[in-house]
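A.B. asks: Sequence isn't available, so here's the structure alone:
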């Protein structure tokens, strides 16, 4: 799950592709406060290197992150040692504390294998929420919106490096396979190439909603969202 090669280029590539972490944090924070106006603490699950957390600090007095990839955490800590980043699996983590809000961005729930695992993760979220707490989940594509054979390509120039990212997506039953090729070039390091292949579950909208309900949330689906895949908003009953 996301080794050091991917971790080191993740944020530069996504910023270069137009991902605006500050704007996304503001949008999500406003959505949280529609349901819990006094929210003062936030946990970002599957936080990567903590890029969203750096912006969430502008909106919440206390923020923290949980991330499965040790390499993502290492890059995040090197960049922002003051961030509270804990290695953990979204299905099993236990921080021993609660938050007013929990976010899970970048379609990270798609890495779960089954709807049952999705419900298990959401129960872990619920266990870390204050009464009336809010969960915001950015899903992956639904089976009905996934585009078979979708191809993307980007070239980013940043920090003296040129980074290319090319991907191809295909369907494998109830999941999608995303093959990604990265090429990184710089005057001192020369040229290197590495690949990534990830399997992402194509949960239906109803499967998401059922998992939220099983975990004790009232849930709604909001169209749009940062990447057009919408957002699920759950409020703990």
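C.D. replies: Yep, that arrived. What you are looking at is a predicted structure, and each value in this text was computed from that prediction instead of being measured.
A.B. asks: Tell me where the model's unsure across this protein.
C.D. replies: In the predicted model of the chain, residues 1-2 satisfy pLDDT under 70.
A.B. asks: quick one: contacts of the helix of greatest length in it?
C.D. replies: The helix of greatest length in the chain, counted in residues with DSSP state H as the criterion, is given as helix 21-35. Judged by Cβ atoms under 8 Å, 6 or more residues apart in numbering, the contacts made with helix 21-35 from elsewhere in the structure are 15, 39, 42, 51-52, 54-56, 58-60, 100-101, 103, 105, 132, 134, 136, 222, 226, 231, 233, 235. C-beta here means a position set from N, CA and C on the backbone, and glycine is covered the same way.
A.B. asks: what is residue 179 paired to in the beta sheet?
C.D. replies: The residues paired with residue 179 through beta bridges, assigned by DSSP bridges, are residue 168, residue 197.
A.B. asks: Quick check, it in contact with residue 197.
C.D. replies: Yes - contact criterion Cβ atoms under 8 Å: residue 179 and residue 197 qualify, at 5.1 Å.
A.B. asks: between those two, which one's more packed in?
C.D. replies: The neighbour comparison of residue 179 against residue 197 (other Cβ atoms under 10 Å) goes to residue 179, with 13 against 9.
A.B. asks: got a list of contacts for the very next helix or strand once past the longest helix of the chain?
C.D. replies: Using DSSP states H and E, the helix or strand that follows helix 21-35 towards the C-terminus is strand 41-45. With Cβ under 8 Å, 6+ apart as the test, strand 41-45 has contacts from 32, 50, 52-53, 56, 59-66, 90, 93, 95, 99-105, 108, 121, 125, 128, 130.
A.B. asks: Which members of those are positioned in helices?
C.D. replies: The members of the contacts of strand 41-45 that map onto helices under DSSP H are 32, 52-53, 56, 121, 125.
A.B. asks: would you say residue 77 is within a strand?
C.D. replies: No - under DSSP: H, G, I helix; E, B strand; the rest coil, residue 77 sits outside any strand and is assigned helix.
A.B. asks: Residue 125 versus that one, what's the distance?
C.D. replies: Plainly put, residue 77 is 23 Å away from residue 125 if you go by Cβ to Cβ, to the nearest Å.
A.B. asks: Which one's more surrounded, these two?
C.D. replies: Residue environment comparison for residue 77 versus residue 125 gives the larger neighbour count to residue 125, 25 against 15, counting by other Cβ under 10 Å.
A.B. asks: hmm, back to that, please check the contacts of helix 21-35 and keep the buried ones.
C.D. replies: Taking 16 or more other Cβ atoms under 10 Å as the criterion, what is buried in the contacts of helix 21-35 is 39, 42, 51-52, 54-56, 59-60, 100-101, 103, 105, 134, 136, 226, 231, 233, 235.
A.B. asks: Residue 77 is in contact with residue 84, isn't it?
C.D. replies: No - shown here, residue 77 and residue 84 do not form a contact pair, counting by Cβ under 8 Å, at 9.9 Å.
A.B. asks: From residue 75, how far out is residue 17?
C.D. replies: Separation of residue 17 from residue 75 (Cβ to Cβ) stands at 18 Å.
A.B. asks: same question, residue 237
C.D. replies: According to Cβ to Cβ, residue 237 and residue 75 sit 37 Å apart.
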